[in-house]
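J.: Below is the structure, and that's it, no one-letter string:
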């Protein structure tokens, strides 16, 4: 037995990407005495993947991953899916205008990634480490068994030549932070010192366990969370849109130099298919929270405020599971038969169509704003609420306006002016710190605990502004309540 290695250079290679999945074939022949003893062929693409602050760069340019997840499951073949069906499945993924696939929660059949190479799908591949909620299972694996390390090595060495794979995911919805940090440190050290392949390390944590301040995300190249606000959890009663929006803003505050990827969002249609409308509503509400923070806006404009590098609808097809009474989960865009599409599929396909030809190869980042996007005036509930000592108040202006935003106490006395100026149309955020005194009734160290009100008045710089909820002619006016606790 002998080993042999060499280095080859491709002059001016054509680069692989979802829009242009250009592949090369490497052929290796072993001959002895002019007789061919063995041959090996493998496909590969040439591309780079990296992060720059809060963006993912494909071939040195900003990319936005808009995709779906897929379980390796089929009503006729179970988990032993023929390659022809795998190829058909991935063609369906491409047909909904996705450029990215999460193949969770385990490495799929090798052909999955060969097909992704050829069709042009960026992939997050994952090992089956999921729901390790307590520290003890992590200690068993991190210190003694290290089966999770072996699974990671097998995944990397089997699929390391696949140009489609951009992210290695290390776990799914594991609550314990200490164990995840130890595992991520171990893997990062091993990958960088022994087999650096340039791919990005991530995870799929649960957004509510423990929250946006999850310290383990600091050890990932890309911070990843599943997000089911208003579905499985509903902190502060904010619902799907505001819960998701406030979470990603908080996560960006904690990790301002790191791209964020939503690894799951979705809802079930019901085994009787009675929740079609709810599925659509969940997609619309959640995606509405993602879109303004995407690195590329729907009109193709680079977004300097965009830190959400990717979004993932869970899942492309319904799948079998013992966790449901009827034996299958109905969160798919399409029923398990691969034929019957649900209304949410067309909703997602339409939204993704805005990005499919614009989500890569942005050549420059121009300074821009989100001001073109709001279609109406709105004052949103502050977050967090209740709060101590500070909270964020968000509002949106559909046109350039003279804006006043003031704080009042329970008896109607004005105690603070946060905004009093002309502002351009767009999304706005203001932080109020109740420990900073200005006027009014105070407690030692700041404002007293209790109920306060904030009032927005936006007078349009031009005619045609609709009346606000409080009905002041020529202006948008709205007032909301917030609670300071100490």
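T.: Thanks, I have it. Everything numeric in this text was worked out from a predicted model, so none of it was measured.

J.: just checking, what's the longest helix in this protein?
T.: When the chain is parsed with DSSP state H, its longest helix is helix 177-194.

J.: next structured bit after it?
T.: Sequence-wise, the next helix or strand downstream of helix 177-194 (DSSP states H and E) is strand 200-206.

J.: contacts for whichever helix or strand comes after that next one?
T.: Counting by DSSP H and E, the next helix or strand C-terminal to strand 200-206 is strand 223-226. For strand 223-226, the surrounding residues in contact (C-beta atoms under 8 Å, 6 or more residues apart in numbering) are 169, 172-173, 202-207, 214, 217, 247, 251, 255, 258-265, 314. Quick note: C-beta positions are derived from backbone N, CA and C, even for glycine.

J.: Would you give the sheet partners of strand 223-226, along with the direction of each?
T.: If you go by DSSP bridges, strand 223-226 pairs up with strand 200-206 (parallel), strand 260-264 (parallel).

J.: ok, residues contacting the last one?
T.: Spelled out, that is strand 260-264. By C-beta under 8 Å, 6+ apart, strand 260-264 touches 54, 65, 69, 102, 104, 124, 167, 169, 172, 202, 204, 222-228, 248, 251-252, 290, 307-312, 314.

J.: between the longest helix of the chain and strand 200-206, how big is the angle?
T.: Per axes from the mean of the first three to the mean of the last three C-alpha atoms, to 10 degrees, the angle that helix 177-194 makes with strand 200-206 is 170 degrees.

J.: For residue 259, which residues are in contact?
T.: 51, 54, 55, 56, 221, 222, 223, 307, 308, 309, 310.

J.: mind redoing it with 10 Å?
T.: 51-57, 63, 65, 200, 202, 220-224, 252, 295, 306-310 (C-beta atoms under 10 Å, 6 or more residues apart in numbering).

J.: swap in residue 229?
T.: Taking C-beta under 10 Å, 6+ apart, we find residue 229 in contact with 207-208, 235-236, 238-247, 265, 282, 285-286, 289.

J.: By mean pLDDT, point me to the weakest helix or strand of the chain.
T.: strand 442-443 (a mean of 46; mean pLDDT, DSSP states H and E).

J.: Partner strands of whichever helix or strand comes after that one, with direction?
T.: Counting by DSSP H and E, the next helix or strand C-terminal to strand 442-443 is strand 446-447. Note on strand 446-447: by DSSP bridges, its sheet partners are strand 442-443 (antiparallel).

J.: From the contacts of residue 229, list just the buried residues.
T.: 207-208, 236, 238, 240-247, 265, 282, 285-286, 289 (16 or more other C-beta atoms under 10 Å).

J.: and these, which of them are in helices?
T.: Short answer: the buried ones among the contacts of residue 229 in helices (DSSP H) are 240, 241, 242, 243, 244, 245, 246, 247, 282, 285, 286, 289.

J.: Please render the residues you listed as a markdown table that adds pLDDT to the earlier fields.
T.: Output for these, formatted as a markdown table (pLDDT from 0 to 100):
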| residue | pLDDT |
| --- | --- |
| 240 | 96 |
| 241 | 96 |
| 242 | 95 |
| 243 | 96 |
| 244 | 97 |
| 245 | 96 |
| 246 | 96 |
| 247 | 97 |
| 282 | 97 |
| 285 | 96 |
| 286 | 97 |
| 289 | 97 |
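
J.: Let me have those residues in a markdown table, extended by distance to residue 180.
T.: Formatted as a markdown table, these follow (distance: C-beta to C-beta, whole Å):
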| residue | distance to residue 180 |
| --- | --- |
| 240 | 26 |
| 241 | 29 |
| 242 | 28 |
| 243 | 23 |
| 244 | 22 |
| 245 | 25 |
| 246 | 23 |
| 247 | 19 |
| 282 | 27 |
| 285 | 29 |
| 286 | 25 |
| 289 | 25 |
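
J.: farthest pair in these?
T.: 246 and 282 (17.0 Å; C-beta to C-beta).

J.: residues in contact with residue 51?
T.: Counting by C-beta under 10 Å, 6+ apart, residue 51 has contacts 57, 200, 221, 222, 257, 258, 259, 309.

J.: Where does the fifth one sit: helix, strand or coil?
T.: Put simply, residue 257 is coil when judged by DSSP: H, G, I helix; E, B strand; the rest coil.

J.: from now on call the first residue 96
T.: Let's use 96 as the start, then, which means that last one is residue 352.

J.: Perfect, I'm done here.
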